[in-house]
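Student: Have a look at this prediction, sequence included:
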Amino acid sequence: MEILVSILVGILFTAGLYLVMARSLLRIVLGTAIIGHGALLLMLTTPGLQQGEPPITGGDAVSFSDPLPQALILTAIVINFATMGFFLVLAYRSYKELGTDDMDKLRGTEDD
Amino acid sequence: MTNIIILLLIIPLITGLVLIFFRNHLRLQRWTSLISLIINGIVAVVVIQHVHIQGTQTLNLGGWEPPFGIVIVADMLAMLLVLATIIVAITCLLYAFKTIGEERERFYFYTFFHFMLVGVMGSFLTGDLFNLFVFFEVMLLSSYVLISLGGGKRQLRESIKYVLVNIVSSMFFLVAIGYLYGITGTLNFAHMSMRIAEAGQDGLITTVAIFLMLVFALKAALLMYFWLPGPYGAPPMAISALFAALLTKVGIYAIFRMFSLVFYHQEGMTHQILAWLGIITMILGAIGAAAHWSLRKILAYNVVVAVGFMIAGFAIFTTTSMAGSVFYIVHDMLVKALLFILGGIMIGLTGTDKLREMSGMIRNHAALGWMFFIAALALAGVPPLSGFMGKLLVLHEAIGEGFYVIAAVGLITSLMVLYSVVKIFINGFWGENQLSVEDEKMSTKGTLLPCAILTVLVIGMGVGAEFVSPYIMQAAEVMSNPSLYIDAVMQITE
């Protein structure tokens, strides 16, 4: 199962990086989101996908699962969400202000 | 007593939150910001004295014993950087009062200023890798807002690049955390260090360490500084000064912490790479600084040179060389803030950042000229100013340990740095005065106070090196002897 998820992570990273290299700003924003998903999925996979009961003592469970990766991912999702929101607004605002979403035209000159 | 450490983070956080509700009361916002920072400064001094006498202090958040909970660790390295951060923040704030403009003040400049400080100081104080990520993000999100606040065309364009680079590197940071947790099963620095010391640092861990190094290098502008000169030149100088003084230092601190405490077993591999990254960064940064004729660009490239020097000093990896690096990092925070603020005043007066269009400012602004001159000498490391001690220690160790390339490049780039800032001095202050007082775009009234504070500190840190060095040595002691840190965090008593 870990191998399958690892391949999925690879695909997500490939797609994300491909989008980040694009010229259109919106694709770049989406690319960062997809890379984010890849990173989170990888965090879930590297400690081994969890099997077993919730780690609450007093039950009759034999094996416990490690809740920490999920706690980390939860935090990271919130952060990614905020960053993503900000980036989208920034992209929209720059499009309004600069009149283009083409990265080649956003290079800028010395004088402005 | 250790509970007091958390005040360093809580005071700016609450100040920032409260200021949201007073967005139209400018005077109140300014005074609250200043007073909160001064109180925080006093707290930092108290904690430093405490750490100096009793050694590293820790605080287990929520009462969870390490390694299960998150620890806040105030060792000397972190506390020195925290104090320098607060000093820089106070001076940038004083400068911002006069220059940042009402518009930005109304749109939550002070709030994000404080939130960013929470992120910066939190990164210094945390003892947990994931918590480091969280504080990094607190710092970065606030910096995204500060860099794009006000939204001129150039600012928006540069902030897109800044945000994109940082988002991608944050994602790689997450990946590195995932791998490390998968291998070691812990995120606490001290616990991770113990486990790696027990099991040995094999190839897999070294690979992850280098991956982590790349993440921090991107944030610290080590070798991968391509993103830095643009964004640092776009926002108002008060914000640029804050960024130049603080943000790259957080990345450097993270490298110092990880590669002195956790990944110190494969010196030949990781620290060699760090040394070469530092050397190349110094060379490229110095070329950039010497080549440009725009004030903002020269100052931005000077940030890069300093990053290279600090990392190269650290990579020599003896107690003395690390002391030199710590000395230099504190000095660099002060002097970069000073230079950026002075540069900001020069740009403000002339209305341009092109050196060829300025001249003769010393006639009307003697104090400004002399302070710039002192800052330039301090940056190059001329005794008795603050840059000297750090450079001396690092170069001495570089020659003693056979890192001749670091010594040679360090000296040559110092000269190029001196050339680049003296170029600003000569073009800006010498020659015919083309600018009468009436033509000036702003008044220097009130803006010279923060510069004066920083100049005094830069001179004081150099002249009073004897007084400062016990603190620096204590910081380097903990870095070169990880068991001091581990014992303090895991509460192991002999």
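Tutor: Great, that's in hand. Residues are numbered from 1 along each chain as shown, chains lettered A, B, ... in the order given.

Student: got a list of what the nearest residue to residue B:379 once chain neighbours are set aside touches?
Tutor: Once flanking residues are discounted, residue B:379 sits nearest to residue B:335: 5.4 Å by Cβ to Cβ, 6 or more residues apart in numbering or on different chains. Yep, even glycine has a C-beta here, placed from its N, CA and C like the rest. Listed by Cβ atoms under 8 Å, 6 or more residues apart in numbering or on different chains, the contact set of residue B:335 reads B:375, B:378, B:379, B:386, B:387, B:454, B:458.

Student: among those residues, which are in helices?
Tutor: In helices, defined here by DSSP state H, the members of the contacts of residue B:335 are B:375, B:378, B:379, B:386, B:387, B:454, B:458.

Student: May I ask which two of those are separated the most?
Tutor: Largest separation among the ones in helices among the contacts of residue B:335 by Cβ to Cβ: B:387 and B:454, giving 13.3 Å.

Student: need the residues of the stretch 251-400 of chain B near chain A, please.
Tutor: residue B:294 (Cβ under 8 Å from any Cβ of the partner chain).

Student: In the stretch 251-400 of chain B, what residue comes closest to chain A?
Tutor: Per Cβ to the nearest Cβ, residue B:294 is where the stretch 251-400 of chain B lies closest to chain A, at 7.3 Å.

Student: do chain B as well
Tutor: residue B:182 (3.2 Å).

Student: and chain A, which of its residues are near chain B?
Tutor: A:20, A:25, A:28, A:32, A:35-36, A:38-40, A:42-48, A:68-69, A:72, A:75-76, A:79, A:82-83, A:86-87, A:90-91, A:93-94, A:97-98, A:106, A:108, A:110, A:112.

Student: Among those, which are located in helices?
Tutor: If you go by DSSP H, these have A:20, A:25, A:28, A:32, A:35-36, A:38-40, A:42-45, A:68-69, A:72, A:75-76, A:79, A:82-83, A:86-87, A:90-91, A:93-94, A:97-98 in helices.

Student: Show me just the buried residues among the residues you listed.
Tutor: A:20, A:25, A:28, A:32, A:35-36, A:38-40, A:42-45, A:68-69, A:72, A:76, A:79, A:83, A:86-87, A:90-91, A:94, A:98 (16 or more other Cβ atoms under 10 Å in any protein chain shown).

Student: Is it correct that residue B:123 is in contact with residue B:134?
Tutor: No. Here residue B:123 does not reach residue B:134: they are 9.2 Å apart, not a contact under Cβ atoms under 8 Å.

Student: Just give me the neighbour total for the closest residue to chain B within chain A.
Tutor: Residue nearest to chain B within chain A (Cβ to the nearest Cβ): residue A:46, separated by 3.2 Å. Residue A:46: 21 surrounding residues under other Cβ atoms under 10 Å in any protein chain shown.

Student: quick one: the nearest residue to it once chain neighbours are set aside from residue A:69, how far?
Tutor: Using Cβ to Cβ, 6+ apart and skipping residues adjacent in sequence, the residue nearest residue A:46 is residue B:182, 3.2 Å away. To residue A:69, residue B:182 is 9 Å away according to Cβ to Cβ, to the nearest Å.

Student: between those two, what contacts are shared?
Tutor: In terms of Cβ under 8 Å, 6+ apart, residue B:182 and residue A:69 are both contacted by the residues A:46, A:47.

Student: about what we covered before: pLDDT score for the residue nearest to residue B:379?
Tutor: Note on residue B:335: pLDDT of 96.

Student: just to confirm, which helix or strand has it in it?
Tutor: helix B:319-350 (DSSP states H and E).

Student: now stretch B:8-24: how far from the chain's centre is it?
Tutor: 23 Å (Cα atoms, centre = their mean, to the nearest Å).

Student: With stretch B:117-135 instead?
Tutor: Its chain's average C-alpha position is 14 Å from that of stretch B:117-135, according to Cα atoms, centre = their mean.

Student: and it, anywhere near chain A?
Tutor: Yes. For stretch B:117-135, a contact with chain A is found by Cβ under 8 Å from any Cβ, at B:130, B:133, B:134.

Student: Is it correct that the first one falls within a helix?
Tutor: Put plainly, it is residue B:130. Yes. Secondary structure of residue B:130 (DSSP: H, G, I helix; E, B strand; the rest coil): part of a helix.

Student: how deep is it tucked in, by neighbour count?
Tutor: 22.

Student: Find the nearest non-adjacent residue to it, please.
Tutor: Spatially, and ignoring its direct neighbours in sequence, residue B:130 is nearest to residue B:187 (4.9 Å; Cβ to Cβ, 6+ apart).

Student: Torsion angles phi and psi at that neighbour?
Tutor: As for residue B:187, its main-chain torsions (degrees, to the nearest 10) stand at phi -120, psi -10.

Student: List the residues that contact residue B:39.
Tutor: Taking Cβ under 8 Å, 6+ apart, one finds residue B:11 in contact with residue B:39.

Student: What helix or strand is it located in?
Tutor: Assigned by DSSP H and E, residue B:39 falls in helix B:26-54.

Student: That helix: which residues count as buried?
Tutor: Those would be B:29-30, B:32-34, B:36-37, B:40-41, B:43-44, B:47-48, B:50-51, for helix B:26-54 by 16+ other Cβ under 10 Å.

Student: what's the average pLDDT for that helix?
Tutor: 95.

Student: tell me which residues of the following helix or strand past it are tucked away?
Tutor: Reading on from helix B:26-54 to the C-terminus, the next helix or strand found by DSSP H and E is strand B:57-60. Of all the residues in strand B:57-60, those buried under the rule 16+ other Cβ under 10 Å are B:57, B:58, B:59, B:60.

Student: residue ranges with poor pLDDT in chain A?
Tutor: Low-confidence segments of chain A (pLDDT under 70): A:108-112.

Student: OK, contacts around the spatially most central residue of it?
Tutor: Chain A has residue A:36 as the residue nearest its centroid, 0.9 Å off, counting by Cα atoms, centre = their mean. By Cβ under 8 Å, 6+ apart, the contact list for residue A:36 reads A:16, A:80, A:84, B:167, B:171, B:174.

Student: and what of residue A:79?
Tutor: So residue A:79 contacts B:134, B:137 (Cβ under 8 Å, 6+ apart).

Student: can you tell me how far it sits from residue B:137?
Tutor: On the measure of Cβ to Cβ, residue A:79 and residue B:137 end up 5 Å apart.

Student: Ok, residue B:347 next?
Tutor: 31 Å.

Student: Touching, residue B:132 and residue B:124? I think so.
Tutor: No. When contacts are counted by Cβ under 8 Å, residue B:132 is not listed as touching residue B:124 (9.6 Å).
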